[in-house]
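Participant: here you go, sequence then predicted model.
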Amino acid sequence: LRCAGLTLALSGLIAHAADLAPRKPAAPAATVPARRAPGVEADRVHLAAVITPGIDEARRQAWLETLRALVGQHNNNSNTVNRPNGRSAPQAAWQLHVWELTGPSSGWPAQLEAQWKQQPVLALASGLGTLWQPVDAFCAQHKVPCWFPSVDAMPAPAGAQSLYFQAGVRLEAQVLARHLRELPPGRRPAKLVQFYRNDALGAAAAQALKEALAGGNVE
């Protein structure tokens, strides 16, 4: 389902981006330059996949192989695509760039900016990580869509440029909080003590549960 959703989303995005590519002016007197979306060239569209540190190698390899297979499938398909306005045009190839981030999250914005300056992209074609806030903020700053990143903790709040499959540990915290609130009074705990892994992901999960229980009867 994730593969199908990513393929459909990217196909629609690329079709729309092609309509933003420069066209020959209707008359020599035209003075307004045509607008081209970042990462869009005449025969190809540049996409990026972001990987944050700390990902299990087997998971990383499986994710990359799947994403590269999707891109390869697209590039091997028919060379025409039907536009929403009824026109048919050559289908641009997708070129995937893998942006692997290193070190603490405080240094990720600079790494993303360096990659962007080297090669702007139309969108982030998925992503893989634990925490995602710096990447989400980068997408919001540059207005770059980020489609279906596979992350363990969705930013809160999430930027308007990103579309997530699910909220990760934040969703788990909300489900647990709802369960506790709906317990009968005799079974509902008055006080909850959290034990969590002392890293960024564990802290995000614990904070999400604290926020979800705020204003209720559970301390």
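Facilitator: In hand now; what should we look at? Numbers count the residues shown, from 1 in each chain.

Participant: which parts of the host helix or strand of R59 are buried?
Facilitator: Using DSSP states H and E, R59 falls within helix 57-76. Residues W63, L67, L70, V71, H74 are the ones in helix 57-76 that count as buried (16 or more other C-beta atoms under 10 Å). For glycine as for every other residue, the C-beta is placed from the backbone atoms N, C-alpha and C.

Participant: equivalent analysis for stretch 194-204, please.
Facilitator: Neighbour count says stretch 194-204 has A200, L201, A204 buried, by 16+ other C-beta under 10 Å.

Participant: what's the average pLDDT for that stretch?
Facilitator: Average pLDDT, stretch 194-204: 88.

Participant: check stretch 52-67 too.
Facilitator: If you average the pLDDT over stretch 52-67, you get 92.

Participant: give me the residues contacting that stretch.
Facilitator: 3, 6, 49, 51, 96, 98, 101-103, 105, 108, 125-132, 135, 150 (C-beta atoms under 8 Å, 6 or more residues apart in numbering).

Participant: ranges for the helices of this structure?
Facilitator: Secondary structure of the chain by DSSP state H: the helices cover 2-18, 57-76, 108-118, 133-142, 169-181, 200-213.

Participant: determine which stretch of those helices is the most buried.
Facilitator: Across the helices of the chain, averaging neighbours per residue (mean count of other C-beta atoms under 10 Å) puts helix 133-142 on top, at a mean of 20.

Participant: check contacts around D136.
Facilitator: Going by C-beta under 8 Å, 6+ apart, D136 touches C146, P155, A158, G159, Q161, S162.

Participant: tell me who's in contact with the closest residue to Q166 other than its chain neighbours.
Facilitator: Spatial nearest neighbour of Q166, excluding adjacent residues (C-beta to C-beta, 6 or more residues apart in numbering): M154 at 7.4 Å. Shown in contact with M154 (C-beta under 8 Å, 6+ apart): W132, Y164, Q166, A167, G168, R170, L171.

Participant: ok, back up a step: so of the contacts of stretch 52-67, which ones are in strands?
Facilitator: A49, I51, L96, V98, A125, S126, G127, L128, G129, T130, L131, S150 (DSSP state E).

Participant: what two of those have the greatest distance between them?
Facilitator: L96 and L131 (23.0 Å; C-beta to C-beta).

Participant: compare these two (neighbour count), which wins?
Facilitator: Neighbours were counted for L96 and for L131 using other C-beta atoms under 10 Å; L131 has more, 22 against 19.

Participant: would you mind measuring from the more buried one to V40?
Facilitator: From L131 over to V40 the distance is 30 Å, taken as C-beta to C-beta, to the nearest Å.

Participant: residues contacting L183?
Facilitator: Residues counted as contacts of L183 (C-beta under 8 Å, 6+ apart) are P189.

Participant: list the beta-bridge partners for E100.
Facilitator: I51 (DSSP bridges).

Participant: run the chain-centre distance for stretch 160-173.
Facilitator: 10 Å (C-alpha atoms, centre = their mean, to the nearest Å).

Participant: tell me how far the ends of it are from each other?
Facilitator: Terminal residues of stretch 160-173 lie 23 Å apart, using C-alpha to C-alpha, to the nearest Å.

Participant: that older thread, just the local confidence number for the residue nearest to Q166, please.
Facilitator: At M154, pLDDT is 82.

Participant: quick one: low-confidence ranges for this structure?
Facilitator: Residue ranges of the chain with pLDDT under 70: 1-35, 78-90.

Participant: that concludes my questions; thank you for your assistance.
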